[in-house]
Each structure stands twice: as structure tokens, then as C-alpha cells.
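[1] I'd like to go over a predicted model; first the sequence, then the structure.
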Amino acid sequence: MWDRLFHEKGGADVIICTDDGGTFLAHSSVLMSASPIFSSCIDKYKGRKRAVYSLRLRGVPSAAASAFIRLIYSSRFDTADMKKFVLHLLVLSHVYDTPFIKKLCTRELELGLLTVENVIDIFQLARLCDASRLSLMCLRLIIKDFKSVARTEGWRVMKEANPSLEQELLEAVVDADTKKQERARKMEEEKVYGQLRDAMEALVHICRDGCRTIGPHDRSFEGRQLGPCKFPACKGLESLVRHFAGCTIKVPGGCVHCKRMWQLLELHSRMCNEGETCRVPLCRHFKDKPKKDEAKWRLLVMKVMTAKRKTHVFSLATVSARLEEE
């Protein structure tokens, strides 16, 4: 109905003019209900007893002005008009305070009209029009594909006309890259702490229950099925435990493989609450020995205890590197 009213113009009492000579009719009641700016402009004519009011929409072609008024009437638009005049409509929505049209323009840009080629121009316009969501969308695209954006004509013009904005965007790109690297570092840390937790569980499993062909000396492994173990770190630890048991230079620092085992045993001791019943070798030994770097070990234990279990391939080298850092 509203779209029909827009096209048929019956009872229209407003003439809208544009700078390119275009004119078309509209209804004052519709314009005033949609825009406080239109309402203020039309109110000025109320005491003059005019049958028809005249309004001028400056700075936009008549086709864009017509598309804007149609949106006010019915929220409908032609796809071709939106694609061609979306920036004009955004400006008009800001000037005439029609938030729903601003929101509509933002949505259409988000759905595909925003590109690497036009993002700088739209970003600057969005800031002038207080379109915060659109500004954020533009900034995200600039950061995501900065190399391509920096090669566009829009960037070159902005760089010459507004150096302070260029500096602001460069700082935003650097800041986003720094945060990305920090997130990657934290994810890698969490991965390693998860592997350490897997290692602690597998160590207790091997020493208490036994697994495959290795375990406590008082357990028999004949006839035991050699299927996959549910502990992801078990296979890697099995070879390390075998080496540790037979190595002739297992003093700390004498053998790189044994050093890893010593570190894992000490970490277990600091996490273990079983006391005398613990079956893991040297658990009591590490509890009784003088503590060194206690604060670092406590922090490591806390991080391992709160880490999520990992199901990816267990890496002794990665785990050892983390223990060395701690």
C-alpha cells in the first residue's frame, strides 16, 4: 500500500527538488513521521497557508533522492538503485535523521557492496555519518586485506588528503597483527600445557596399571592385547621410560632423553597427592629434596592442572622445551 502511494502520488502536498533539476511529489505527513528534519522544514510553512510545500535535497542526483523517499514510504528499493546510490542514501539517512535507512544501507554494504576498492571511501563516509557498525566493518576489512587496500586509488587519495587517518589505520593494522600473534602464542602455550597434562596422566597409567608391554615389575604382561591406548601420550612415554630404565648416564644433564624424564618425574611429584601409595618412581624423592625455583614450578603446576586435555600427537620435544623455559 505504501509503495503504491509513493508511485501514484494521490493527495501529495510536497514538491521535492534536486540540484540536477529533478522534481517529484510526496506527502508531508509521511515525511514528517519518518524524519524530524523534514518535520522541522515543513513546520516552517504551516503558518503561510500553502497548499503545496517545497523542499530541496541538495548534493544528490534526482534518482537517488527518489530512491530515498521511496525507502521512507515503504522500505522498498530496486537492487540496481541500491547498488548505484548506496552512498548517497547513507548520506541522506544521516542528514535527515532516518536511522532505519542508515541501518538498511549498512546491511546492503555488509552483504556484498563493500569491497577492497571502495572500503577507504566508505570508511571515511561512515565516520562522517556516525555509522559506527559500518565503520567497524570497514576497519575489519582494511586490517584483513591491508596489502590489497593499500594499493587502491582510495588509499592513495586518503594518504595525501588525510595523513593523520593514514597513521591511525597503520597503527590499527599493527595493533591487530600484534594481538593475532599474541593469540597464536597463547594457543600454542595451551597446547603444550595440555600435552604436559596428558603426559602426567600417561605416566601414572604406566606406573600404576601398566600399558601394552611396560608397567610395574609385579604385573604380568603376557597375553595382553596390544591395541591402542586411550592415553594419547602413552606411546611416546613408553619409549622414554624404557630408555630411562636402561641408560647408564641417567644423571640430570648427562643424557638429553633422561633429562626429559627427570623433568617429568619432578613435575609429577609436585602435582601428586597420593603420598606413600604413589607408584611413580622417585615421587617421594622429589617431595623430600630441597625445592628450587618454587614459584616457577607452582605456576607450571597450576597451568598444567587447568589445561584442557589434548588429543593430537604428543611431542616429547615440545614438552621438554616448555619445561626448560619454566
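    Great, that's in hand.
[2] so after the helix or strand harbouring residue 122, what's the next helix or strand?
    Secondary structure assignment for residue 122, by DSSP states H and E: helix 119-128. Toward the C-terminus, helix 119-128 is succeeded by helix 132-144 as the next helix or strand (DSSP H and E).
[3] what's that next one in contact with?
    With CB atoms under 8 Å, 6 or more residues apart in numbering as the test, helix 132-144 has contacts from 90, 105-106, 109-110, 114, 116, 119-120, 122-123, 126-127, 149, 169, 172-173, 176. All C-beta spots, glycine's among them, are computed from the backbone N, C-alpha and C.
[4] list buried residues within those.
    Among these, those scoring as buried are 90, 105-106, 109, 114, 116, 119-120, 122-123, 126, 149, 169, 173, 176 (criterion: 16 or more other CB atoms under 10 Å).
[5] ok, so of these, who is nearest residue 158?
    residue 120 (5.2 Å; CB to CB).
[6] show me the contacts for the closest one.
    Counting by CB under 8 Å, 6+ apart, residue 120 has contacts 138, 142, 149, 152, 154, 155, 157, 158.
[7] and of the residues you listed, the nearest to residue 262?
    For the contacts of residue 120, the nearest to residue 262 is residue 142 (50.9 Å; CB to CB).
[8] burial measure for that closest one, as a count.
    Applying the criterion other CB atoms under 10 Å, we find 21 residues in the vicinity of residue 142.
[9] and residue 83, by the same measure?
    Quick note: residue 83 (other CB under 10 Å) scores 12 neighbours.
[10] tell me which element it is part of?
    Using DSSP H and E, residue 83 sits within helix 79-95.
[11] buried stuff in that helix?
    Result for helix 79-95 [16+ other CB under 10 Å]: buried residues 81-82, 85-95.
[12] got the angle for it vs helix 132-144?
    Inter-element angle recorded for helix 79-95 and helix 132-144: 120 degrees (by axes from the mean of the first three to the mean of the last three CA atoms, to 10 degrees).
[13] now do the very next helix or strand once past helix 79-95 against helix 79-95, angle only.
    Downstream of helix 79-95, the first helix or strand assigned by DSSP H and E is helix 99-108. Helix 99-108 and helix 79-95 meet at an angle of 130 degrees, taking the same axes, to 10 degrees as the criterion.
[14] domains of the chain?
    Listed by automatic domain parsing, the domain ranges of the chain are 2-113, 182-217+226-325.
[15] can you list these in CSV and add mean pLDDT and distance to residue 164?
    Formatted as CSV, the domains of the chain follow (pLDDT from 0 to 100; distance: least, CB to CB, whole Å):
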stretch, mean pLDDT, distance to residue 164
domain 2-113, 89, 22
domain 182-217+226-325, 79, 27
